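Visitor: I'll drop the sequence and a predicted model, then ask my questions.
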Amino acid sequence: MNTKQTISKSKIWSWLEEVIDPEIPVLNVVEMGIVRGVEFEGESLIVKITPTYSGCPAINAIEMEIHKKLKEKGIENFRVVTDYKESWTTDWMTDHAKKKLKDYGIAPPDKSLKSDDFLANLKGSQKIVPCPWCDSMDTELESEFGSTACKSQYYCNNCDQPFEHFKCI
Amino acid sequence: MNTNQNIPKAKKELVVEILLRLADDRLIHGHRLSEWAGHGPELEEDLALANVALDMIGHAAALYKYAAEIEGKPDEDHYAYFRDDIDFKNVAMVELPKGDFAFTIARQFLFSAYSYFLYEKLIETVGDEQFNGMLQKHFKEIKYHFRHSREWVFRLGDGTEESHERIQHAFDEIWMYTGELFSLDDAERTAIDKNLFVDISELKEPWLALVKDTLEEATLTLPDDDQYMFSGSRQGKHTEHLGHLLAQMQFLRRSYPDAEWK
């Protein structure tokens, strides 16, 4: 198939929205901010992706899923490349995506902290993460690391439920 | 991609040298941390150490991949699996056996603090977009690793008599391996001139201040800094531990170089 002349970029974006994040199945890879660009180089389609966390084991699975999806849509001449120019941040997640995370029971990230505050912030009090189930502010950090690199573990003292928080980076 | 073009050979070699120094530290340290998988003192820590290991191996993989593009090697595995101990450029601190949990935490804390200051300066210095983008990404994660290990230094230092003794012992044991972190060699001096690296000797002061501050708060004693310091790892003179680590890490890939995961 002649890729460039028959398919618009927006069509490709909409197909990529059908690719689900394997670790967080309520979000797709576009709302996660993992897909950074869709471009044509001559007849060839280039899909640029960036990993959320460096150690994210899902990135290979995501790449495979994108391959599968594009082939399923009849595209043959394409490449998926990893782009490191910009480093992924939770600020790229849409508000809609954050809402879906909360409904799924994961406390969504808020605005990421500026790096130059880091050493000063070490001494400060911990930030409060509201419980995604009952919205209580009476929660505590259990562990900086959760079931995946992108999440930490919290416990809600109000509804006695453990929950995960998508870390802000 | 097009990294190969337009870079003079001498500069290419220098960029690769710097990439490998950063990457080797992270691969070897990550491997040591991965040895905790299934052996952590509690489930949360098992997950935490495995996550930090994944991050560090991820950092190494990205840096190796970039070096491979520049050098025209097939992929990142070339560097991880097909080099011998003498070719590895990591500091000795990261290759020491994982020891007990206190040792692992003390090492993680000292190394993450060093990485914090190193990356902060590198990000200001390195002009290459891809390289700089990687550094910025890794920097965010280094902060998590630092915070996590620092919290444990407090808990162990100001914990029970045994935990206090163990982590004090760990810092005392490791200290002779911290000298290497801040000593410049000729390759690094040349790289500094070309804006590819930073003067690591200048990082010692803020690093020591941060470490001292944390150790004091954790009721621990800062080891004597005026002592014999191990050196030579960046030039391939490693402790006996690296060979054993590589034997385990590289065995499968070297025995079955064309094997594929199905």
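Guide: Happy to help now that I have it.
Visitor: pLDDT score for A:Leu27?
Guide: If you check A:Leu27, the pLDDT there is 90.
Visitor: near chain B, which residues of chain A?
Guide: With C-beta under 8 Å from any C-beta of the partner chain as the criterion, chain A comes near chain B at residues A:51, A:53-57, A:81, A:83-88, A:115, A:118-119, A:122, A:142-149, A:153, A:167, A:169. From N, CA and C alone the C-beta is placed, and that goes for glycine too.
Visitor: which ones among the residues you listed are found in helices?
Guide: Counting by DSSP state H, these place A:Phe118, A:Leu119 in helices.
Visitor: which stretches of chain B have low pLDDT?
Guide: For chain B, the stretches with pLDDT under 70 are B:1-6.
Visitor: Which positions in it make contact with chain A?
Guide: Residues of chain B lying near chain A (C-beta under 8 Å from any C-beta): B:1, B:44-45, B:47-48, B:51-59, B:61-62, B:66, B:116, B:120, B:129-130, B:133-134, B:136-141, B:143-144, B:147-148, B:150-151, B:210.
Visitor: before we move on, back to that, of the residues of chain A next to chain B, select the buried ones using a ChimeraX command.
Guide: To isolate the buried members of the residues of chain A next to chain B in ChimeraX, using 16 or more other C-beta atoms under 10 Å in any protein chain shown:
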select /A:51,53,54,55,56,83,84,87,88,118,119,142,143,144,145,146,148,149,153,167,169
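Visitor: Regarding A:Ser44, what are the backbone dihedral angles?
Guide: When read as degrees, to the nearest 10, the backbone of A:Ser44 gives phi -100, psi 140.
Visitor: so how far is A:Ala61 from it?
Guide: Here A:Ser44 is placed at a distance of 23 Å from A:Ala61 (C-beta to C-beta, to the nearest Å).
Visitor: again, but for A:Ile49
Guide: 12 Å.
Visitor: same question, A:Gly55
Guide: As for A:Gly55, its distance to A:Ala61 is 14 Å (criterion: C-beta to C-beta).
Visitor: cool, B:Ala50 as well?
Guide: As judged by C-beta to C-beta, B:Ala50 and A:Ala61 stand 18 Å apart.
Visitor: Same question for B:Pro97.
Guide: 33 Å.
Visitor: what do you get for A:Ala120?
Guide: Per C-beta to C-beta, A:Ala120 is found 38 Å from A:Ala61.
Visitor: Same drill for those two, tell me which one is more crowded.
Guide: A:Ala61 (13 against 8; other C-beta atoms under 10 Å in any protein chain shown).
Visitor: burial of the nearest residue to the more buried one once chain neighbours are set aside, as a residue count?
Guide: In space, and not counting its chain neighbours, A:Ala61 is closest to A:Pro22: 4.8 Å by C-beta to C-beta, 6 or more residues apart in numbering or on different chains. Using other C-beta under 10 Å as the criterion, A:Pro22 is surrounded by 15 other residues.
Visitor: Got the phi and psi for A:Pro22?
Guide: Torsion angles, degrees, to the nearest 10, at A:Pro22: phi -70, psi -20.
Visitor: Show me where chain A has its helices.
Guide: Assigned by DSSP H, chain A shows helices spanning A:3-6, A:9-16, A:58-72, A:95-104, A:118-121.
Visitor: residues contacting residue 37?
Guide: All of this is about chain A. A:Ile46, A:Val47, A:Lys48, A:Asp83 (C-beta atoms under 8 Å, 6 or more residues apart in numbering or on different chains).
Visitor: hmm, I had chain B in mind actually
Guide: Applying C-beta under 8 Å, 6+ apart, the residues near B:Ala37 are B:Asp46, B:Leu49, B:Ala50, B:Ala53.
Visitor: just for chain A, where's the confidence low?
Guide: Within chain A, the stretches with pLDDT under 70 are A:1-6, A:112-116, A:124-126.
Visitor: how close does the residue positioned nearest the centre of chain A get to A:Asp95?
Guide: Chain A has A:Met32 as the residue nearest its centroid, 3.2 Å off, counting by C-alpha atoms, centre = their mean. Applying C-beta to C-beta, the value for A:Met32 to A:Asp95 is 13 Å.
Visitor: how far away is the residue in the stretch 101-250 of chain B that chain A sits nearest to from A:Tyr84?
Guide: Of all residues in the stretch 101-250 of chain B, B:Lys137 sits closest to chain A, at 3.5 Å by C-beta to the nearest C-beta. Separation of B:Lys137 from A:Tyr84 (C-beta to C-beta): 7 Å.
Visitor: what do these two both touch?
Guide: B:Ala62.
Visitor: Isn't B:Tyr79 up against B:Glu71?
Guide: No. Using C-beta atoms under 8 Å as the test, B:Tyr79 is too far from B:Glu71 to be in contact (9.3 Å).
Visitor: Would you mind telling me which of these two has more residues around it?
Guide: Using other C-beta under 10 Å, the more surrounded residue of B:Tyr79 and B:Glu71 is B:Tyr79, with 25 against 17.
Visitor: how about the closest residue to the more buried one other than its chain neighbours, secondary structure?
Guide: Of all residues not flanking B:Tyr79 in the chain, B:Tyr64 sits nearest, at 4.5 Å (C-beta to C-beta, 6+ apart). Following DSSP: H, G, I helix; E, B strand; the rest coil, we place B:Tyr64 in the helix state.
Visitor: In contact with B:Tyr64: list those residues for me.
Guide: Contact analysis of B:Tyr64 by C-beta under 8 Å, 6+ apart lists B:Leu19, B:Leu20, B:Ala23, B:Leu27, B:Glu76, B:His78, B:Tyr79, B:Ala80.
Visitor: Appreciated, that's everything.
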